[in-house]
Each structure stands twice: as structure tokens, then as C-alpha cells.
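> sequence? don't have it. structure:
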Ligand code: SF4
Ligand code: SF4
């Protein structure tokens, strides 16, 4: 097994984006990512052979120590032994970025919601079926759905049902929770799919302020239904609610308390926390320390989650703050 710098996305993954396909969806590191497989993609033919050949080319360069500069600084890039084996795919990501049923205050689509929501999107399902038909998919990785609202994708139910039926062993969906999905419910019951539901609030008014839509009740109704689907299936957790802290908008203890209360009431055992990215970027750029109230609030969330016996999952900016201030 040869040792060299590479990453699991480059070796075995790809990301279906709104109008292109690339190796991964990572783009916040120094190199900026975007190792394109197909630019300006509109659903026309792209063969798996071409994709695997392109991967081979990148892998060869990695073996020769010529890592693509777009990968520089990416946390997925690791130096280790990589097996030389028949090519296969086991990481697939979907980011369609159109037709969203929410209007989150922190989302880049907020700049021109109408334009983003009317963007066309190609069908990825034919490629997925071909992948399985050619036995190029191998369990052991993960299929993830994120940017844009996955349940609004007209092929979402078909793709998830197909994956569940054909041996995918780990699927993760990030959802606004506004539209209920039978395929998500089935995946939870099958103990294969986890859903992360974006709450960002504990009260209706704040929900409206953050989400731009009045769907607070619908959100919690659906959260309860998903949670019910995971009942009686060992100790694993397949449903969680997420809270992105947005200073001046939802950063009060009342909001946190209500969110955790609703989460517990829905029978959900896990929460995800992060801090709004643009805000954190600004602090980093101007070298400003995080305000004391924010550090205290993060600590409060950790303590309350412990008291309520909730698992806490820290996403990037929350995780940095937690480690900088030794909060755990
Ligand atoms: S190293 Fe990072 S940027 Fe490069 S392909 Fe892997 S995940 Fe993408
Ligand atoms: S649900 Fe996702 S895509 Fe839709 S507005 Fe919110 S962050 Fe953007």
C-alpha cells in the first residue's frame, strides 16, 4: 500500500451541484476546492468511465507528490497508505441549490431568492442507477443531501428509495423539515438514514425572523413524526435538530430553552449547534474576540444539553469556540 497525500472524496467520491459535478463540496479552505468533473452540466451524458479516469489522473499526481493546489489546506487531505484497488464510489453528495421552501436569513440564496429558486436542475438519478448497475458503488461511505432543500428535489424520493433498496448503508439528509418525506421516514425505520432538521429558534416569532416563512408548527409536527419513526430501534440516533446561533437574532437563553424543550418533547435525543459563518468570518478577518455573552451562551447550551441527556454535535464555528475556551 503506497503512502501519499490524498482524500476519500478524490479517491471515491463526487458531488452533484446545481449546474456542475465536482469531486467534493469543500471550498472554505486555502486552496478553495472546486475540482470539477463536469462544468456547466445540464444532465447530458457523462460516463462513469470518464469520471474514474479523471480520478485516476488526480490520484497519480497525488502519488507523485503533485497535489492539486485547490486541495491545499483542506482537512480531508491526509498523508497515509491508500490501497491500490479496483475503482469504486462510496461518497456521494447532493447540493441542488434551487426550489427551497425556506428563506433563511444566513443563506446565500437570500440575495436573490426568486432567481435561485427558479434555477433549473438536471436529473442525477439516471447516473445513480448506472452506478449501481455497473456495481461501482460500494457500501462503507456515506450519501449526503444538503444545500437547497433536498425534499424539494423532484427526484429525491426516488433516489433515496433506490439507495435504501440497493445497499447504501449510510445516508444523511439536512432538511428544513417543512416538507415531510416518506423516503426519509423509511430510511429512519431501516436504520440507514439520519435527518438533521434546521430549527434555529425556539419560538414562532424568531423562527419567522430567521426562516422568512411561517412554518414553525409544521416544522415541529414533522420533527415529531420523524422521531416516532425511530422509536424502538436500539440506541442509535437518527433524528436531530440544529440551531445556528445568529448574534442579535436568536442568541437568548429563552430561545435556547424553548428549542431544547421542543426537541425533548418531540422525543429527539440529539442536537447540532453552530455559529453563523459570515459573522465568524468577520470576527476572524478583523481579529475580534468572540463576545463574552456568546461564549457564555455556548457554555449554557452545553450544560443544558447535558442536563437534558441530549447528545450535542458541534459543527465548525461552534467547535472552534468550544475548543478555544475549553468548554467541554
Ligand atoms: S482534499 Fe479537499 S478539496 Fe481536495 S478533493 Fe479532497 S475534499 Fe475536495
Ligand atoms: S433551507 Fe438551506 S437552502 Fe433553504 S434557505 Fe435555508 S439554508 Fe438556504
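Arrived safely. All values reported here derive from a predicted model rather than from experimental measurement. Ligands and ions are numbered 1, 2, ... in the order given.
> how many other residues sit next to the residue of the stretch 151-300 of the chain found nearest ligand 2?
Residue of the stretch 151-300 of the chain nearest ligand 2, by C-beta to the nearest ligand atom: residue 176 (4.2 Å). From N, CA and C alone the C-beta is placed, and that goes for glycine too. Neighbour count for residue 176, taken as other C-beta atoms under 10 Å: 25.
> that one: what's it in contact with?
The neighbours of residue 176, taking C-beta atoms under 8 Å, 6 or more residues apart in numbering as the test, are 100-102, 149, 151, 197-198, 211, 215, 219.
> between those residues, which sits nearest residue 118?
residue 100 (11.3 Å; C-beta to C-beta).
> for the closest one, phi and psi?
Note on residue 100: its backbone torsions stand at phi -90, psi 150 [degrees, to the nearest 10].
> now it: closest residue in space, sequence neighbours ignored.
The shortest distance from residue 100 to any non-neighbouring residue, by C-beta to C-beta, 6 or more residues apart in numbering, is to residue 149 (4.5 Å).
> surely that neighbour meets residue 178?
Yes - Residue 149 lies in contact with residue 178 (C-beta atoms under 8 Å); the separation is 7.4 Å.
> out of the two, which sits in the busier spot?
Neighbours were counted for residue 149 and for residue 178 using other C-beta under 10 Å; residue 149 has more, 24 against 20.
> overlap in contacts, residue 149 and residue 178.
101-102.
> in which helix or strand does residue 162 reside?
Element membership of residue 162, judged by DSSP states H and E, is helix 156-165.
> so that helix, near ligand 2 or not?
No - shown here: helix 156-165 not in contact with ligand 2 (C-beta under 6 Å from any ligand atom), separated by at least 13.7 Å.
> now the strands for the stretch 1-150 of the chain?
Along the stretch 1-150 of the chain, counting by DSSP state E, counting those that start in this stretch, strands occupy 2-6, 13-16, 21-22, 36-38, 78-82, 89-94, 137-145.
> just the ones you listed: most buried one?
Of all those, strand 13-16 carries the top mean neighbour count, a mean of 24, counting by mean count of other C-beta atoms under 10 Å.
> returning to what we had before: angle of the helix holding residue 162 against strand 89-94?
In terms of direction (axes from the mean of the first three to the mean of the last three C-alpha atoms, to 10 degrees), helix 156-165 departs from strand 89-94 by 160 degrees.
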